[in-house]
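# model the following, please.
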Amino acid sequence: MTARAQTTVVDLAGVVQGIVLVTIPALSSILTDPGHYALTSAQYGVMFAPQVVAAIAAALAGAGLARRHGTHAVYLAGLACSLVSMVLLLASAAVMHQQHVAYPLLLAATAFLGAGFGLAVPALNSLAAAFHPANVDRAVLILNALLGLGTALAPVFVAVFVGLGYWWGLPILSTLLLIALLAVSARLPMHSGARSAAAATGGPLPARFWLYLAFALLYGICETVNGNWAQLDMTTSVGASTTTAALALTAFWAMVTLGRLLFAAITRWLPARATFHLLPFALAGVFVIIAALPRGHDVQGVLAFGAAGLCCSALLPLTISFGQGELTGLSATVAGGVIAAYQLGYGIAAFGAGPLVSAGTPLSHLYAIAAFVAIAMGLLSFAVAHRRRSPRTLHPTPAPAHAPITRTG
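Residues are numbered from 1 along each chain as shown. Down below sits the predicted model:
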């Protein structure tokens, strides 16, 4: 397989993995619809607990598995886990009115989805870097943008398939894409990379390391309040149609992707450190707007969630950039730790919000609470990036041990 073909496969894998990653959250209105799965808000939230646990475990174990078995094998294992997730989701659709059978299948599906993300996405970052050793930053930037493109496409596909009356068309599409990708990727050769010089810390981690993890945790909460609950907020609080709600989620993920490209392009005029300080406070303001949206303001809701995506866009990549730039001897540990903390924040927002909503807390209040989380993140940004020079790129060079780097959301 030529170098160009290798790059094409990795880039396509980024798009497919992005679609798969958002397939289940994009179906939130179907999962909670009394005419379909009829999940309560609490059940919908708890459904993501296995995903979080599996993703954290895979992200932390990924570097070691790559050293023993190779990044190519880890990448294929991640795709296989994602494929199992989609098959389980389709199996649940066949018995969705038998909740005692469908719900365990959904829990298993999210568990495999988390494992697939934790294995495949870091491996993709490593492969992109290995295929372009002379231009790593650009290769990883393109890959992460394509991951974001996939996350933005998933809600669009949901809207199309729901409009056609075949909501299960998205998991079928994801399954077919993964099968094709596995077939092609099996022939993808692995470029050998340098072994890690910092596989083990050899001592206690510095206090600064935990500041980066705390910031990533808060960011995970803020991103997931949008990524997992935007559609339900649009349909229940704003009174929007399922199609419009899907458009709002698409706007969020699309702006996450475009924002990363934008802030990478304007670093000459707006230093990355200033971006890191400003975006959390801007996000807090957007959350206040979302919380105050009255019923019938569908267009304003779509625009607000798009603005939230822009505010989220650069924060996670910059967290890893600053961390790897400061703690140079712990590059792999920083990347894996930040991703694990991000996933923990994802879990708090994904299944922690469910009981609040089921207890009668309006979703609009959830966004008001998220505004305070964003403010706390903004204040913490001054400690995280205190007197740090702005990194040259929003997407840092991957650690040589093929450590987990980042996801797009």
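# from here on, contacts and neighbour counts on C-alpha atoms
Noted.
# what's around Leu127, how many residues?
27 (other Cα atoms under 10 Å).
# going forward, count from 18.
Okay, using 18 as the starting number, the last item reads as Leu144.
# secondary structure element for it?
In the assignment (DSSP states H and E), Leu144 maps to helix 116-148.
# I'd like the average pLDDT over that helix.
For helix 116-148, mean pLDDT is 87.
# whichever helix or strand comes after it vs helix 116-148, what angle?
Note on helix 116-148: by DSSP H and E, the next helix or strand toward the C-terminus is helix 153-181. Between helix 153-181 and helix 116-148, the angle comes out at 150 degrees (axes from the mean of the first three to the mean of the last three Cα atoms, to 10 degrees).
# for the helix or strand just after helix 153-181, buried residues please.
Counting by DSSP H and E, the next helix or strand C-terminal to helix 153-181 is helix 186-202. Within helix 186-202, the residues scored as buried using 16 or more other Cα atoms under 10 Å are Gly186, Leu187, Pro188, Ser191, Thr192, Leu194, Leu195, Leu198, Leu199, Ser202.
# how far away from the center of its chain is helix 186-202?
Helix 186-202 sits 19 Å away from the centroid of its parent chain (Cα atoms, centre = their mean, to the nearest Å).
# can you show me the CA trace of that helix as CSV?
Output of helix 186-202 as CSV, limited to C-alpha atoms (Å, rounded to 0.1, in the frame of the first residue of the first chain):
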residue,chain,number,x,y,z
GLY,A,186,-30.4,3.6,9.0
LEU,A,187,-27.6,5.3,10.9
PRO,A,188,-26.3,2.3,12.9
ILE,A,189,-26.6,0.2,9.7
LEU,A,190,-24.5,2.8,7.8
SER,A,191,-22.0,2.9,10.6
THR,A,192,-21.8,-0.9,10.6
LEU,A,193,-21.2,-1.1,6.8
LEU,A,194,-18.5,1.7,7.0
LEU,A,195,-16.7,-0.2,9.8
ILE,A,196,-16.8,-3.5,7.9
ALA,A,197,-15.3,-1.8,4.8
LEU,A,198,-12.7,0.0,6.9
LEU,A,199,-11.6,-3.1,8.7
ALA,A,200,-11.2,-5.0,5.4
VAL,A,201,-9.0,-2.2,4.0
SER,A,202,-7.1,-1.5,7.2
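# and that helix, what does it pack onto?
Applying 3 or more Cα pairs under 8 Å, 6 or more residues apart in numbering; DSSP states H and E, we find helix 186-202 packed against helix 20-43, helix 88-111, helix 153-181.
# tell me the average confidence for the helix or strand following that helix?
Under the assignment DSSP H and E, the closest C-terminal helix or strand after helix 186-202 is helix 224-253. Averaging pLDDT along helix 224-253 gives 91.
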